[in-house]
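Engineer: I'd like to go over a predicted model; first the sequence, then the structure.
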Amino acid sequence: MSTPAPVRLPPPARGPVDLLVVAGEHSGDQHAAKLVRELRKRNPGLTVAALGGPELAHAGAQLLYDLTASSVVGLAEVVKNIPFFKALFDETVSWIAQHRPRVVCLVDYPGFNLRLAKTLFERGLSRKRGGPIALAYYISPQIWAWKAGRRFTMAKHLDAMAVIFPFEVGCYGDTDLAVEFVGHPFLAEGYRSPVQYDPAGPILLLPGSRRQAVSRIFPVMLAGYRAFGERTALTLYPSEEIGVLLRAAKPGPNVELRRTPSEGTTADAEPVRASAVLTSSGTMSMHCALAGIPGAVVYRASTLTYLFGRWLVKVPYLGISNLLLNEAMYPEYIQGAARPEALARELNHCLHDPERQRVTAQRAERLRHVLRQPATGTAADWLERQLK
């Protein structure tokens with residue numbers, strides 16, 4: 001990781017800070033940006049700072065540090081980068097202690113954010129410890145998949161939680177944490193999907209947004225696509241850093257690389273049309289599933305990360321759409337199972353099997369139904385209450 005040390009965060013640019021957002025991944029950056037954009041529309045004078053990414057900056061937050069550029073996944077990768085994350089963490093705590101934002105909104109990213117909540121509580125800065133800062137958490141860690149006992153520590157440290165899956169409210173039912181279902185952002189009013197099913201469209205190859213994962217997943221996706229040997233392919237990527245990795249894999253003339261536009265500039269953007277998809281298990285897989293694009297999940301991690309995950313995580317699926325439906329809408333090819341010939345067979349089924357296409361459309365509608373449960377209000381409503 002080419003990150004300068006020591007880490008120093010700039011002071012607030014516009015006086016006292018109302019809201020500090022901490023979002024460490026591209027998906028969290030996008031979701032948080034929508035929140036900030038809506039809050040600033042309601043209250044143009046709201047001052048927002050963020051450890052996040054370019055979407056939060058476009059939404060009007062002062063970007064203290066681009067945390068999305070430092071995103072890593074997996075035990076081996078995290079261990080390798082411990083000195084950097086410790087320096088960044090300590091600087092973040094010092095910044096909060098000095099500048100005292102009214103609310104800190106922690107968006108997903110539990111490895112960093114739950115530790116931050118604990119430290120702010122222990123230092124007497126959080127409201128639950130008698131301090132001036134409300135700690136609000138948006139997008140729950142997947143406690144239903146692993147480390148369920150975290151909910152009791154979270155209830156001790158946090159003031160409020162907003163979840164995006166309706167069943168998650170019940171996961172905290174034996175705690176005193178105030179938890180609200182605020183709806184899934186992909187079904188919110190005004191949401192525009194970045195993708196659309198088109199049987200005549202190209203094949204999507206979506207290896208994700210984290211460098212280590214992309215470097216392992218994209219080559220096998222390419223190999224599977226080449227073994228299939230039909231159509232053109234399109235790969236979307238969120239940052240130039242990921243674009244460099246993709247180009248280094250030499251995808252060839254039949255694979256277009258396209259950077260996804262900023263969330264704040266896509267009001268009139270047409271969705272990407274696709275006939276099939278090979279995707280990592282991240283946010284884009286959910287976009288594709290809701291759009292009814294047939295496909296499969298592809299995932300490769302370091303051996304240490306994979307073995308540790310198998311031991312720790314006790315769920316039948318990796319993909320969130322599969323978990324929500326409790327069946328494999330997207331067959332999963334993980335580690336050694338992610339072989340070119342297997343992925344080529346999947347692409348053949350996706351493109352040439354009418355039954356596969358029919359079942360995918362049916363499961364997409366079921367998925368939308370699962371997420372259409374009534375919410376207590378929007379995420380912006382929830383966060384606005386924390387600011388009062």
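Structural biologist: Thanks, I have it.
Engineer: only C-alpha atoms for contact and neighbour calcs from this point on.
Structural biologist: Fine.
Engineer: for R247, the count of nearby residues, please.
Structural biologist: Here the number of neighbours of R247 (other C-alpha atoms under 10 Å) works out to 11.
Engineer: does it sit in a helix, a strand or a coil?
Structural biologist: helix (DSSP: H, G, I helix; E, B strand; the rest coil).
Engineer: for stretch 33-45, the distance to its chain's centre please.
Structural biologist: 20 Å (C-alpha atoms, centre = their mean, to the nearest Å).
Engineer: what residues does it touch?
Structural biologist: L46, V48, E55, L56, A57, H58, A59, G60, A61, A379, A380, E384 (C-alpha atoms under 8 Å, 6 or more residues apart in numbering).
Engineer: which of the three states applies to A69?
Structural biologist: Assignment for A69 (three-state DSSP): helix.
Engineer: I misspoke; the intended subject was M161.
Structural biologist: Once three-state DSSP is applied, M161 turns out strand.
Engineer: that one contacts Y138, correct?
Structural biologist: Yes - counting by C-alpha atoms under 8 Å, M161 touches Y138, with 6.0 Å between them.
Engineer: re earlier: can you add neighbour count, pLDDT and secondary structure and give the contacts of stretch 33-45 back as JSON lines?
Structural biologist: Output for the contacts of stretch 33-45, formatted as JSON lines (neighbours: other C-alpha atoms under 10 Å; pLDDT from 0 to 100; DSSP: H, G, I helix; E, B strand; the rest coil):
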{"residue": "L46", "neighbour count": "18", "pLDDT": "97", "secondary structure": "coil"}
{"residue": "V48", "neighbour count": "27", "pLDDT": "98", "secondary structure": "strand"}
{"residue": "E55", "neighbour count": "26", "pLDDT": "95", "secondary structure": "helix"}
{"residue": "L56", "neighbour count": "31", "pLDDT": "97", "secondary structure": "helix"}
{"residue": "A57", "neighbour count": "21", "pLDDT": "97", "secondary structure": "helix"}
{"residue": "H58", "neighbour count": "17", "pLDDT": "96", "secondary structure": "helix"}
{"residue": "A59", "neighbour count": "21", "pLDDT": "97", "secondary structure": "coil"}
{"residue": "G60", "neighbour count": "18", "pLDDT": "97", "secondary structure": "coil"}
{"residue": "A61", "neighbour count": "25", "pLDDT": "98", "secondary structure": "coil"}
{"residue": "A379", "neighbour count": "27", "pLDDT": "95", "secondary structure": "helix"}
{"residue": "A380", "neighbour count": "19", "pLDDT": "96", "secondary structure": "helix"}
{"residue": "E384", "neighbour count": "16", "pLDDT": "97", "secondary structure": "helix"}
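Engineer: columns distance to A338 on top of the residues you listed, output as JSON lines?
Structural biologist: Listed next are these as JSON lines, based on distance: C-alpha to C-alpha, whole Å:
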{"residue": "L46", "distance to A338": "47"}
{"residue": "V48", "distance to A338": "43"}
{"residue": "E55", "distance to A338": "32"}
{"residue": "L56", "distance to A338": "35"}
{"residue": "A57", "distance to A338": "37"}
{"residue": "H58", "distance to A338": "37"}
{"residue": "A59", "distance to A338": "38"}
{"residue": "G60", "distance to A338": "41"}
{"residue": "A61", "distance to A338": "40"}
{"residue": "A379", "distance to A338": "37"}
{"residue": "A380", "distance to A338": "40"}
{"residue": "E384", "distance to A338": "44"}
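Engineer: nearest to P294, of those residues?
Structural biologist: Of all the contacts of stretch 33-45, P294 sits closest to E55, with 28.6 Å by C-alpha to C-alpha.
Engineer: now that closest one: how far from V107?
Structural biologist: 14 Å (C-alpha to C-alpha, to the nearest Å).
Engineer: swap in P12?
Structural biologist: Per C-alpha to C-alpha, P12 is found 20 Å from V107.
Engineer: got any ranges where the stretch 101-250 of the chain has weak pLDDT?
Structural biologist: In the predicted model of the stretch 101-250 of the chain, no residue satisfies pLDDT under 70.
Engineer: please enumerate the strands of it.
Structural biologist: Read by DSSP state E, counting those that start in this stretch, the stretch 101-250 of the chain holds these strands, from start to end of the chain: 103-107, 134-138, 160-163, 179-181, 195-197, 203-206, 233-237.
Engineer: residues in contact with S280?
Structural biologist: Contacts of S280 (C-alpha under 8 Å, 6+ apart): L206, P207, G208, I217, V297, V298, Y299.
Engineer: many thanks, I have nothing further to ask.
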